[in-house]
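1. Got a sequence here, can you model it:
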Amino acid sequence: IASIPHMKERTIYLAGFSKSYAMTGWRVGYACAPAEIIEQMMKIHQYTVMCVPTAAQYAALAALRDGEPEVRRMHDAYDERRKLMWGRLNAMGLHCFEPRGAFYCFPNITSTGLSDDDFCERLLREEKVVVVPGNAFGERGKGHVRACYAASIEQIGEAMDRVERFIARL
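-> The predicted structure follows:
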């Protein structure tokens, strides 16, 4: 947006390192905006946040300078995991749109006849697999569950085997 004529002075860009550089928990982020806006942001920031730990700042700097090959490697690994989980869920009859953002699938589980809460509770109890009820994400999430593929290929495969076994018993 900032590259559009006359928009640079009207654009505020906020970003962090949590997802793009796998630095969750490090609490490192940055803001790009016109100087007068940054000046006002700093007035609030200096009294609400002590500072980002020095080690986290150096890690973020290293990520910016040299992290792109690792980001590409992570992207490829997550892409393989996404395809595995997404494909397996759809093959089980749990329709799921192909994820395009974070590392979650959001399959529709209404074909099982269970509510999202019951599905999650029973899947945990019977197969030791954790998914989050879709209703935790609002009214439109009902009838869905959120499954995370930020795990190894082996763990995802095992989890999908367990989900498939669970569904077969319903």
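2. Next, the contact list for residue 110, please.
-> residue 143 (C-beta atoms under 8 Å, 6 or more residues apart in numbering). In short, each C-beta sits where N, CA and C put it, glycine included.
3. host element of residue 90?
-> helix 68-91 (DSSP states H and E).
4. residues making contact with that helix?
-> For helix 68-91, with C-beta under 8 Å, 6+ apart as the criterion, the contacting residues are 20-22, 63, 96, 98-99, 103, 105, 107, 147, 149-151, 153, 156-157, 160, 163-164.
5. For residue 127, see how far away residue 6 is.
-> Distance, residue 6 to residue 127, using C-beta to C-beta, to the nearest Å: 56 Å.
6. make that residue 54, sorry
-> Taking C-beta to C-beta, one finds residue 54 at 44 Å from residue 127.
7. Check residue 18 too.
-> For residue 18, the distance to residue 127 - C-beta to C-beta - is 30 Å.
8. Only the buried residues of the helix holding residue 90, if you could.
-> 78, 81-82, 85-86, 88-89 (16 or more other C-beta atoms under 10 Å).
9. Who has more neighbours out of residue 54 and residue 127?
-> residue 127 (18 against 8; other C-beta atoms under 10 Å).
10. Not including adjacent chain positions, what is the nearest residue to the residue nearest the centre of the chain?
-> The centroid of the chain falls nearest to residue 102 when counting by C-alpha atoms, centre = their mean (3.3 Å). Using C-beta to C-beta, 6 or more residues apart in numbering and skipping the chain neighbours, the partner closest in space to residue 102 is residue 19 (6.6 Å).
11. next SSE after the helix or strand bottoming out on mean pLDDT in the chain?
-> When each helix and strand of the chain is scored by mean pLDDT, DSSP states H and E, helix 35-48 comes last, with a mean of 90. Using DSSP H and E, the helix or strand that follows helix 35-48 in sequence is helix 54-66.
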